[in-house]
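Colleague: here is my input; please provide its structure:
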Amino acid sequence: MSIDFLHEKIRKLKNPLILDLSITEELLPPHLMEQEGSFAKAYPRFCSELLEALSGVVPGVRFSFDTFALLGADGLPQLKSLLKRAGELGFYTLLDGPQILSPWAADRAALLLTDDEYPTQGMLISPYIGSDAIRPFVPACAKGDKDLFIVVRSANKSASELQDLLTGKRLVQGAAAELVNRFGESIFTRCNYSRICAVSSAGSVDSLRNLRTQYKHMFILVDGLDYPSGNMKNCSLAFDRYGYGAAISAGPTLTAAWRDAEGATSENYIDHALLAAERLKKNLQRYVTIL
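Modeller: Sure thing, here's the model as predicted:
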């Protein structure tokens, strides 16, 4: 299960895209807002419709715990329901965990990874409070059925203000990568990649190249394809020579593709998401062959 399951889905579909369902209210199709009356009601419907449409097209889906928590009383029950449905549809499920600002928060967040009410196969966290953020998740990974994705280099524009700074002879993001490797170096799957994985930016060529070169057994989730600096040529650096070892998170590039299509309206946003998924797949195939 877990990373092995994701690898098998990528192999079958020849597609490493993870559908990121995080979106701002401004990018939500307007007709959904008009029909449902509020973001809290329209957003879960948006997620559900995309899950049904992209099942069998992309291997995985990514949700944000904090996004649903902020929807109000019905938010977390909606998240549980959507995670369950995603699993039924055959997706690999990844959950961005709640913000971790203390060891206590990490302990609580780690419980979500093993909570049957939140049926997710992987969780994404930031390590920037140190190893206290990572340690509580390791037992679930060591048991062999859960994965942890740790942000090494985030995709946001101001990430360089901290993550690209030199500390001694290495960058701050390099120190984060070494933490990921230290915790994951003995937790391998059948596909020979660790269950403790790195997340890096599609706009950071050096980060992706260094991770793939230095850490042969580290699975990499490439984030930030939706930013102007992200592109498939950069993303290709995260893959091994067989086209494995990585996946690519795609949000508005898929979910809001209708906004960039000539003459499109929000009512056909699903059709444009499907077209965008196929276009991204073909674009990546210019650089990566998945065997």
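
Colleague: now the strands for the stretch 51-200 of the chain?
Modeller: 60-64, 92-96, 122-125, 147-151, 166-167, 170-171, 196-201 (DSSP state E, counting those that start in this stretch).

Colleague: relative to the fifth one, what are the paired strands and their orientations?
Modeller: Right, strand 166-167. Taking DSSP bridges as the criterion, strand 166-167 sits next to strand 170-171 (antiparallel) in its sheet.

Colleague: swap in the third one?
Modeller: For strand 122-125, the paired strands and their directions (DSSP bridges) read strand 92-96 (parallel), strand 147-151 (parallel).

Colleague: which of those sits closest to residue 243?
Modeller: Distances from residue 243 to each of the strands paired with strand 122-125 were compared by CB to CB, and the smallest falls on strand 92-96, at 16.7 Å. Placement of C-beta: from N, CA and C, glycine included.

Colleague: how far away from the center of its chain is that closest one?
Modeller: Here strand 92-96 is found 7 Å from its chain centre; the criterion is CA atoms, centre = their mean, to the nearest Å.

Colleague: next, the angle strand 196-201 makes with that strand.
Modeller: Calculated by axes from the mean of the first three to the mean of the last three CA atoms, to 10 degrees, strand 92-96 forms an angle of 70 degrees with strand 196-201.

Colleague: looking at strand 92-96 now, give me its mean pLDDT.
Modeller: Here the mean pLDDT over strand 92-96 is 98, rounded to a whole number.

Colleague: quick one: contacts of that strand?
Modeller: 5-6, 9, 18, 22, 59-66, 83, 86-87, 112, 118-124, 149, 221 (CB atoms under 8 Å, 6 or more residues apart in numbering).

Colleague: try 7 Å this time
Modeller: Counting by CB atoms under 7 Å, 6 or more residues apart in numbering, strand 92-96 makes contact with 5-6, 9, 18, 59-65, 83, 86-87, 118-124, 149, all of which sit outside it.

Colleague: just the buried ones from the residues you listed, in ChimeraX syntax?
Modeller: Selecting in ChimeraX just the buried members of those, where the criterion is 16 or more other CB atoms under 10 Å, is done with this command:
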select :5,6,9,18,59,60,61,62,63,64,65,83,86,118,120,121,122,123,124,149
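
Colleague: could you pull out the helices for the stretch 101-250 of the chain?
Modeller: Per DSSP state H, counting those that start in this stretch, the stretch 101-250 of the chain has helices spanning 103-114, 138-142, 160-163, 172-184, 205-214, 232-235. These are given in chain order.

Colleague: gap between the closest residue to residue 157 other than its chain neighbours and residue 158?
Modeller: Taking CB to CB, 6 or more residues apart in numbering as the measure, residue 157 lies nearest to residue 227, with 7.6 Å between them; neighbours along the chain are not counted. Taking CB to CB, to the nearest Å as the measure, residue 227 falls 12 Å from residue 158.

Colleague: same question for residue 26.
Modeller: From residue 26 over to residue 158 (counting by CB to CB), the distance is 20 Å.

Colleague: before we move on, back to that, tabulate the helices of the stretch 101-250 of the chain (TSV), appending distance to residue 44, mean neighbour count and mean pLDDT.
Modeller: Conversion of those to TSV gives the following (distance: least, CB to CB, whole Å; neighbours: other CB atoms under 10 Å; pLDDT from 0 to 100):
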stretch	distance to residue 44	mean neighbour count	mean pLDDT
helix 103-114	19	17	92
helix 138-142	27	18	94
helix 160-163	33	15	96
helix 172-184	32	21	97
helix 205-214	33	18	97
helix 232-235	29	21	97
